[in-house]
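Asks: The sequence isn't on hand, but the structure is:
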């Protein structure tokens, strides 16, 4: 995997070294980190795919709490779980074939670390109390992992709904279902309707929630 860095390098820097056939032959895909995702739109990943459709894109590193003054774990933070869910949807909708969290587990201070990069993790371990805490980030990742199995294929939605991030996929055989994962970032409930062929469904999404619909 080439790049292994931020969206800043997509697609122009990718194109620069892909012009060299010897270099390009060593590359199966591109690895992207999430730390600049609030600055650079996910469309740069789609632009990269359009230029090099035979190469995969993998969202390969993410963590919350990497910027001061929030460089620490934040037990129970829905906002951080929501940020993960929103980014997963953005990346999947722009040709990322998967999404990887940086840390499996850290202590409640966001370590251990040897370069003072204290950050958050989906699971925080309180060794003193012999407890571990599964964060909203953990459940956000788990939600997508549960309902979007390996070899699912993303499909388009028409029209797209900017206020409610949604990703839609078809699952592989034998299930062969249409799955939609929807993020409601609003405090209040939101109503939405979907149609897939002859199937029609109305939903009332709870405030601050992740919802899955399966046709």
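Replies: Received the coordinates, thanks. Just so we're clear, the structure is a prediction, and the values are computed from it rather than from any experiment.
Asks: is it true that residue 186 lies in a helix?
Replies: No - with DSSP: H, G, I helix; E, B strand; the rest coil as the criterion, residue 186 is coil rather than part of a helix.
Asks: can you pull the contacts of it?
Replies: Residues in contact with residue 186 (CB atoms under 8 Å, 6 or more residues apart in numbering) are 163, 207, 208. Any C-beta I mention is one placed from the backbone N, CA and C, and that applies to glycine too.
Asks: Kindly provide the distance from it to residue 41.
Replies: 21 Å (CB to CB, to the nearest Å).
Asks: hang on, the earlier thing: whichever of the contacts of residue 186 end up buried, select them in ChimeraX.
Replies: Only the buried entries of those go into this ChimeraX selection, using 16 or more other CB atoms under 10 Å:
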select :208
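Asks: Reformat the contacts of residue 186 as TSV; add distance to residue 120 and secondary structure.
Replies: Below are the contacts of residue 186 laid out as TSV (distance: CB to CB, whole Å; DSSP: H, G, I helix; E, B strand; the rest coil):
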residue	distance to residue 120	secondary structure
163	26	coil
207	23	coil
208	18	coil
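Asks: Of the contacts of residue 186, just say which sits nearest to residue 116.
Replies: Using CB to CB, residue 208 is the member of these that lies nearest residue 116, at 32.3 Å.
Asks: The nearest residue to that closest one once chain neighbours are set aside: neighbour count?
Replies: Spatial nearest neighbour of residue 208, excluding adjacent residues (CB to CB, 6 or more residues apart in numbering): residue 78 at 5.9 Å. Neighbours of residue 78 under the rule other CB atoms under 10 Å: 16.
Asks: try residue 100
Replies: 13.
Asks: what does residue 91 give?
Replies: As a burial measure, residue 91 scores 24 neighbours (other CB under 10 Å).
Asks: was I right about it contacting residue 44?
Replies: No - at 11.1 Å, residue 91 does not count as touching residue 44 under the criterion of CB atoms under 8 Å.
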